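S.K.: structure for the following, please:
(one chain, ligands or ions: 1)
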Amino acid sequence: MILELKQVTKAYPVRRRRKGWFNKQDSGQAAVKQVSLELQRGECLGLVGESGSGKSTLAQCILRLESLTSGEIWLNHQPIHTGRMKDIHLYKRIQLVAQDSSSSLHPRMIIRDILEEPIRNYFPERKAQALDICLSLLESVGLDAECLEKYPSQLSGGQKQRVCIARALAVEPEIILFDESVANLDTETQASVLDMLKRAQVERQLSYLFITHDLQSTRPFCDRIAVMYQGEIVEIFQEWDKDLLQHEYTRTLFQTLTE
Ligand SMILES: Nc1ncnc2c1ncn2[C@@H]1O[C@H](COP(=O)(O)OP(=O)(O)OP(=O)(O)O)[C@@H](O)[C@H]1O
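M.R.: Below you'll find the predicted structure:
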């Protein structure tokens with residue numbers, strides 16, 4: 001197993017108005033409750049749940065963008081929740097592709113600079129080959145070489161999303177977290193991006209955590225599905241057989257499937 005979450009809980013503090021002069025901070029309702037989850041090397045694990053069920057919070061906890069209230073996260077048998085591993089080492093091993101590609105790409109950098117940045121940071125010895133690497137990354141996500149000299153604002157939403165994926169691949173991480181990364185794409189582009197991700201996963205032995213509210217999109221793509229409901233993992237399944245389901249919410253999700 002490459003990533004292990006043990007009893008992870010995250011409660012955001014809530015400011016409550018009290019009589020008098022001050023606001024007091026209480027620990028509020030937990031967004032993530034006692035989540036235990038394992039991601040195997042080379043696996044694509046789907047994390048499905050309705051809006052507000054805690055999926056993004058879990059991804060943020062894995063990347064230490066949010067601190068844990070309790071619990072542990074282990075990356076290949078090394079603890080990452082303790083903060084001892086430096087951010088640069090963590091991000092070398094785990095990359096995030098978020099939903100909103102526009103805000104994740106620097107508006108004043110051309111695509112070539114955006115893709116060369118991780119190469120310079122993580123593989124300084126490859127500086128001389130950086131352009132060739134950028135071209136091969138663009139090819140692997142189905143973009144033309146002419147994108148290199150463009151700014152993000154000159155690309156479509158689907159093209160920007162592909163650039164974000166190429167940038168994550170440039171780091172050569174072991175794990176990629178996709179947080180609603182294809183949700184904004186039309187059905188055809190979504191299918192071609194997922195196809196490309198599957199190929200990259202097999203070629204590079206990557207592990208994926210694929211976060212989405214859309215169960216349908218996980219079907220051809222994920223090896224296992226974890227279902228999140230009100231902050232908890234209520235079910236993990238592999239077989240697409242509704243008779244084997246344990247939880248009422250998963251049964252409701254199955255009704256949204258088109259075949
Ligand atoms: N920074 C924050 N401060 C306080 N509460 C937060 C914060 N971020 C998220 N929450 C709350 O935590 C809960 C889980 O939110 P989260 O974004 O993780 O859900 P989600 O399943 O990813 O939803 P979506 O699919 O809409 O992105 C929600 O109730 C949300 O309001």
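S.K.: look up how far Lys127 lies from the residue nearest to Leu148 when sequence neighbours are not counted.
M.R.: Nearest non-adjacent residue to Leu148, counting by C-beta to C-beta, 6 or more residues apart in numbering: Arg112, 4.2 Å away. Where C-beta positions appear, they are placed from N, C-alpha and C, glycine not excepted. Using C-beta to C-beta, to the nearest Å, Arg112 is found at 13 Å from Lys127.
S.K.: more neighbours: which of the two?
M.R.: Neighbour count, other C-beta atoms under 10 Å: between Arg112 and Lys127, Arg112 has more, with 18 against 12.
S.K.: ok, the more buried one to Tyr208 distance?
M.R.: Here Arg112 is placed at a distance of 26 Å from Tyr208 (C-beta to C-beta).
S.K.: show me where the stretch 151-259 of the chain has its helices.
M.R.: With helices called from DSSP state H, counting those that start in this stretch, the stretch 151-259 of the chain shows them at 157-170, 187-204, 215-218, 248-254.
S.K.: contacting residues for the nearest residue to Ser181 once chain neighbours are set aside?
M.R.: The shortest distance from Ser181 to any non-neighbouring residue, by C-beta to C-beta, 6+ apart, is to Val97 (4.4 Å). Residues counted as contacts of Val97 (C-beta atoms under 8 Å, 6 or more residues apart in numbering) are 161, 164-165, 168, 176-179, 181.
S.K.: from the residues you listed, pick the one nearest His106.
M.R.: His106 lies nearest to Cys164 out of the contacts of Val97, by C-beta to C-beta, at 11.7 Å.
S.K.: how many other residues sit next to the closest one?
M.R.: When neighbours are defined as other C-beta under 10 Å, Cys164 has 24 of them.
S.K.: using the three-state scheme, assign the nearest residue to Lys10 once chain neighbours are set aside.
M.R.: Ranked by C-beta to C-beta, 6+ apart and with sequence neighbours excluded, the top spatial neighbour of Lys10 is Val32, at 4.2 Å. Of the three states, Val32 takes strand according to DSSP: H, G, I helix; E, B strand; the rest coil.
S.K.: any idea of the mean pLDDT in the helix or strand Leu37 falls within?
M.R.: Per DSSP states H and E, Leu37 falls inside strand 23-39. Averaged over strand 23-39, pLDDT sits at 81.
S.K.: burial measure for Ile165, as a count.
M.R.: For Ile165, using other C-beta under 10 Å, the count is 26.
S.K.: identify the residues contacting it.
M.R.: Neighbouring residues of Ile165 by C-beta under 8 Å, 6+ apart: 97, 141, 181, 193, 196-197.
S.K.: if you set the cut-off to 7 Å instead, what comes out?
M.R.: Residues in contact with Ile165, defined by C-beta atoms under 7 Å, 6 or more residues apart in numbering, are 97, 141.
S.K.: and the pLDDT for it?
M.R.: At Ile165, pLDDT is 92.
S.K.: what separation do you get for it and the ligand?
M.R.: Distance, Ile165 to the ligand, using C-beta to the nearest ligand atom, to the nearest Å: 19 Å.
S.K.: measure Phe178 to the ligand for me?
M.R.: Distance of Phe178 to the ligand, given as C-beta to the nearest ligand atom: 12 Å.
S.K.: quick one, what contacts that residue?
M.R.: Residues near Phe178 by C-beta under 7 Å, 6+ apart: 97, 208, 210-211.
S.K.: who wins on neighbours among those?
M.R.: Ile211 leads the contacts of Phe178 on contacts (other C-beta under 10 Å) with 27 neighbours.
S.K.: could I get the pLDDT score of the residue in the stretch 101-250 of the chain that the ligand sits nearest to?
M.R.: Distance from the ligand to each residue of the stretch 101-250 of the chain (C-beta to the nearest ligand atom) is smallest for His213, at 5.2 Å. pLDDT recorded at His213 is 92.
S.K.: quick one: residues contacting it.
M.R.: So His213 contacts 48-51 (C-beta under 7 Å, 6+ apart).
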